[in-house]
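*Asks:* predicted model and sequence below, questions to follow.
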Amino acid sequence: MVGPTASLSTLSRADGSACYKCPTTGYDLLGAVNAPIELPARRDALKPEEATVEVFVKPGNTTAGVGERYVEGILRSVLTKVVLGRERGFPRRGVVITLAIVGGETVTRGDSYLTILPALLHTSLLALLSAAVPLSMTFSATLLGVNKSGEIIPDVSVTDAKSVSSLHVLAFTSKNHLLLNKSEGRFDFDTWEKVREHALSICRKNTIFNLDGDVAMGDGEESESQGFIRETVEDRLEKDYMWKIDSV
Amino acid sequence: MRPATAKWPKKSREAPHVAPTGFVRIMSKEAPLSIAERDFILEALREDVRLDGRGADQFRPLSITFGDEYGHVKLQLGKTSLIVRISAEVTKPREDRPFDGLFQINLELSAMGSPAWENGRSNDLEAYVTHVLDSVVRRSNALDTESLCILKGVSCWSIRADVHVLDYDGNLTDAACIAIMTGLQHFRRPDAVVRDGQVVVYGVEERVPVALNITHKPLSITFNSYNDGTTIILDATRKEEQASEGEIVIGINNGGDVCFMSKFSGSPVDAMEMVTKSTVALEKVKDINGQMEKAMQTDLAKRAKQGMADLSRAENDR
């Protein structure tokens, strides 16, 4: 299996940005974060002690519709939990996340939006990291399908997603807590439990899996903990601090 | 020190200068130029010097790259960068134009391009750029919409060009125009035929997809004027745009046919400038169309090679 590819800080005008390409679904996403930013109409925010998280999903070759509004809602609720909106400089201001689908197939009306949700979650996390927005934790998400005979399919493509009996998107935090669960289709609780376990094992590989900043050593767990998100951020840091690393 | 000859900038055109509030940027407003910066740009232009060292009639370096699909163009003009995606679908033609297909240019500015743009809310720039693009590309009939008709009054192709602005550093109009024209020429739509009154659309694997019918290749060229119309420059950056007094847009094709000309707002310029600048514009359009053609030919040649290699591989199923 080929993992996703991503790079950080690709745009110059936005505070933080990330581009992300998922090989199984073929989606090519670009995320930009502006934070903290003064929102013109939000002076009387509902929660004045916190930052307002705004998410905008821009489809590649259609106008935004109900599907986009739906994922925006999911992303907003997840990211509001993750962003530390009470940090200095953030209350009453906005964290504006813009996600554009720049390549791959478009989600047509009536199709499940769950196929793109993990990619959107990863892109927004990477963009937030790139913008140096304070976060309480990182997370990792995955998409799993269950076919009619009850088997779990890990790498669901867009065409596969139409034939499976249920689709599940699960996100786990860097502390291995379940952060998000969205399921579609018919399934029973035993199936979901199996899906959860499978998803946890995938996400553990992806997240920065260490509790107190120290890397778990031995038992071959080191390679597992070096997740994809960490690698992406490390790559960027190495590039940014090239001058310093070289001089040592 | 401020030179004694330099005039104070006109204050009437500009909103009162707001002192920056810490590190927080304010949405829905581009950070205004400081008085010193504006003076510097204007004074330099008076001596025929631009911030990035270009000549007055010089474009920023242009780079055109293509994505995996047909009609997916990534364009970079200096620091302005955008992506254009062309897509096609079969729809019903309009009642009053049964022989015509549909063509639509869609430009939505999001907070990605500039923090000054608010998501989901249109602004003046968006309306203005859409208007110019519509006039130069769509209404000049650059894409022959009659060739998009499949069955009279029943089905036709609807072509859609989506512009995603990634980074905004001035001259959005020209950049978007170049990208859309490249996209239209690069795009291949699936082949469709009418058999016994039934429309059959062939998949990309079944039949070689067909290129769109382009009648001519117009591009918009934007000029900005300074110092009471004495200095007129091409392809202004964002800062130059902010210091500008007025704008002239000329839409012209390779053959020298002018299809759009606008002196939209700002201070007046000499009428002769419109004539001289259209000669400059023609020269630029020929140059850019050449670059565009070159980039496209390299990409299409690469695609043709790859396609053949995939099909003629020995391990394929026979």
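*Replies:* Structure's in. What do you need?
*Asks:* B:Phe260: what's it in contact with?
*Replies:* B:Phe260 is in contact with B:Val132, B:Ser135, B:Val136, B:Ser140, B:Pro218, B:Ser220, B:Val249, B:Ile250, B:Gly251, counting by CB atoms under 8 Å, 6 or more residues apart in numbering or on different chains. Just so you know, the C-beta spots here come from the backbone N, C-alpha and C atoms, and that holds for glycine as well.
*Asks:* now with 10 Å, please.
*Replies:* Residues in contact with B:Phe260 (CB atoms under 10 Å, 6 or more residues apart in numbering or on different chains) are B:131-137, B:139-140, B:177, B:218, B:220-221, B:249-252.
*Asks:* out of these, which are inside strands?
*Replies:* Cross-referencing the contacts of B:Phe260 against strands under DSSP state E gives B:Ser220, B:Ile221, B:Val249, B:Ile250, B:Gly251, B:Ile252.
*Asks:* helix/strand/coil for the residue nearest to B:Ile221 when sequence neighbours are not counted?
*Replies:* Closest residue to B:Ile221 apart from its sequence neighbours, by CB to CB, 6 or more residues apart in numbering or on different chains: B:Ala281 at 4.0 Å. Recorded secondary structure, B:Ala281: helix (DSSP: H, G, I helix; E, B strand; the rest coil).
*Asks:* so B:Ala281 sits right up against B:Asp257, yeah?
*Replies:* No. Using CB atoms under 10 Å, B:Ala281 is not in contact with B:Asp257; the gap is 11.6 Å.
*Asks:* those two: which is more packed in?
*Replies:* The residue with more neighbours, out of B:Ala281 and B:Asp257, is B:Ala281; 25 against 12, by other CB atoms under 10 Å in any protein chain shown.
*Asks:* how close does that one sit to B:Val163?
*Replies:* 21 Å (CB to CB, to the nearest Å).
*Asks:* likewise B:Ser265?
*Replies:* Separation of B:Ser265 from B:Val163 (CB to CB) stands at 22 Å.
*Asks:* A:Thr123 contacts A:Thr10, correct?
*Replies:* No. Using CB under 10 Å as the test, A:Thr123 is too far from A:Thr10 to be in contact (11.3 Å).
*Asks:* need the residues touching each of the two.
*Replies:* Counting by CB under 10 Å, 6+ apart, the common neighbours of A:Thr123 and A:Thr10 are A:Ser17, A:Ala18, A:Cys19, A:Leu30, A:Gly31, A:Ala32.
*Asks:* now, which of the residues you listed sits nearest chain B?
*Replies:* Distance to chain B across the shared contacts of A:Thr123 and A:Thr10 (CB to the nearest CB) is lowest for A:Ala32, with 3.9 Å.
*Asks:* so what's the closest one up against?
*Replies:* Counting by CB under 10 Å, 6+ apart, A:Ala32 has contacts A:10-11, A:13-19, A:56, A:96-100, A:123-124, A:127, A:130-131, B:110-113, B:115, B:166-167.
*Asks:* how close does A:Arg230 get to B:Leu125?
*Replies:* Distance of A:Arg230 to B:Leu125, computed by CB to CB: 39 Å.
*Asks:* just A:Ser12 next, same as before
*Replies:* A:Ser12 is 18 Å from B:Leu125, by CB to CB.
*Asks:* more neighbours, those two?
*Replies:* Between A:Ser12 and B:Leu125, counting by other CB under 10 Å, B:Leu125 is the more crowded of the two (20 against 13).
*Asks:* buried residues in stretch B:220-230?
*Replies:* Neighbour-count burial for stretch B:220-230 flags B:Ser220, B:Ile221, B:Thr222, B:Phe223, B:Asn224, B:Ser225, B:Tyr226, B:Gly229 (criterion: 16 or more other CB atoms under 10 Å in any protein chain shown).
*Asks:* which helices and strands does the helix or strand hosting the fourth one pack with?
*Replies:* Think B:Phe223. Here B:Phe223, judged by DSSP states H and E, is contained in strand B:219-226. Applying 3 or more CB pairs under 10 Å, 6 or more residues apart in numbering or on different chains; DSSP states H and E, we find strand B:219-226 packed against helix B:35-46, helix B:124-133, helix B:172-186, strand B:231-234, helix B:238-243, strand B:246-252, strand B:258-266, helix B:271-311.
*Asks:* near chain A at all, the first one?
*Replies:* No. Remark: helix B:35-46 sits outside contact range of chain A, by CB under 10 Å from any CB of the partner chain, the gap being at least 17.9 Å.
*Asks:* for that helix, the distance to its chain's centre please.
*Replies:* 28 Å (CA atoms, centre = their mean, to the nearest Å).
*Asks:* equivalent analysis for the last one, please.
*Replies:* Offset of helix B:271-311 from its chain centre (CA atoms, centre = their mean): 13 Å.
*Asks:* before we move on, what about stretch B:187-199?
*Replies:* Centroid displacement of stretch B:187-199 relative to its chain, using CA atoms, centre = their mean, is 30 Å.
*Asks:* higher neighbour count, B:Ser265 and B:Val163?
*Replies:* B:Val163 (25 against 9).
*Asks:* the more buried one reaches B:Val137, doesn't it?
*Replies:* No. Taking CB under 10 Å as the definition, B:Val163 is not a contact partner of B:Val137, at 11.0 Å.
*Asks:* between the two, which contacts overlap?
*Replies:* Common contact partners of B:Val163 and B:Val137 (CB under 10 Å, 6+ apart): B:Ile105, B:Ala176, B:Cys177, B:Ile180.
*Asks:* more neighbours, A:Thr123 and A:Thr10?
*Replies:* A:Thr123 (30 against 19).
*Asks:* quick one: that one is in a strand?
*Replies:* No. A:Thr123 sits outside any strand when classified using three-state DSSP, being helix.
*Asks:* give me the pLDDT for it.
*Replies:* At A:Thr123, the pLDDT value in this model is 94.
*Asks:* what's the distance between it and A:Phe90?
*Replies:* Using CB to CB, A:Thr123 is found at 21 Å from A:Phe90.
*Asks:* ok, now B:Glu273?
*Replies:* Separation of B:Glu273 from A:Phe90 (CB to CB) stands at 50 Å.
*Asks:* cool, A:Lys182 as well?
*Replies:* From A:Lys182 to A:Phe90 the distance is 27 Å (CB to CB).
*Asks:* neighbour count winner among the two?
*Replies:* Each of A:Lys182 and A:Phe90 has its neighbours counted (other CB under 10 Å); A:Phe90 has more, 21 against 18.
*Asks:* in space, what's closest to that one - neighbours in sequence excluded?
*Replies:* A:Ala51 (4.0 Å).
*Asks:* now do the contacts for that neighbour.
*Replies:* Here A:Ala51 is in contact with A:35-37, A:39, A:42, A:45, A:80, A:83-87, A:89-95, A:133-134 (CB under 10 Å, 6+ apart).
*Asks:* try it again at 7 Å.
*Replies:* A:Pro36, A:Val83, A:Gly85, A:Phe90, A:Pro91, A:Arg93, A:Gly94, A:Val95 (CB atoms under 7 Å, 6 or more residues apart in numbering or on different chains).
*Asks:* and it, what's its pLDDT?
*Replies:* 90.
*Asks:* got it, and B:Leu311?
*Replies:* 61.
*Asks:* do the same with B:Phe59
*Replies:* Listed pLDDT for B:Phe59 reads 94.
*Asks:* how many residues are close by the residue nearest to it when sequence neighbours are not counted?
*Replies:* Nearest non-adjacent residue to B:Phe59, counting by CB to CB, 6+ apart: B:Asp235, 4.7 Å away. A count of neighbours around B:Asp235, defined by other CB under 10 Å, yields 25.
*Asks:* over to B:Arg94?
*Replies:* Quick note: B:Arg94 (other CB under 10 Å) scores 12 neighbours.
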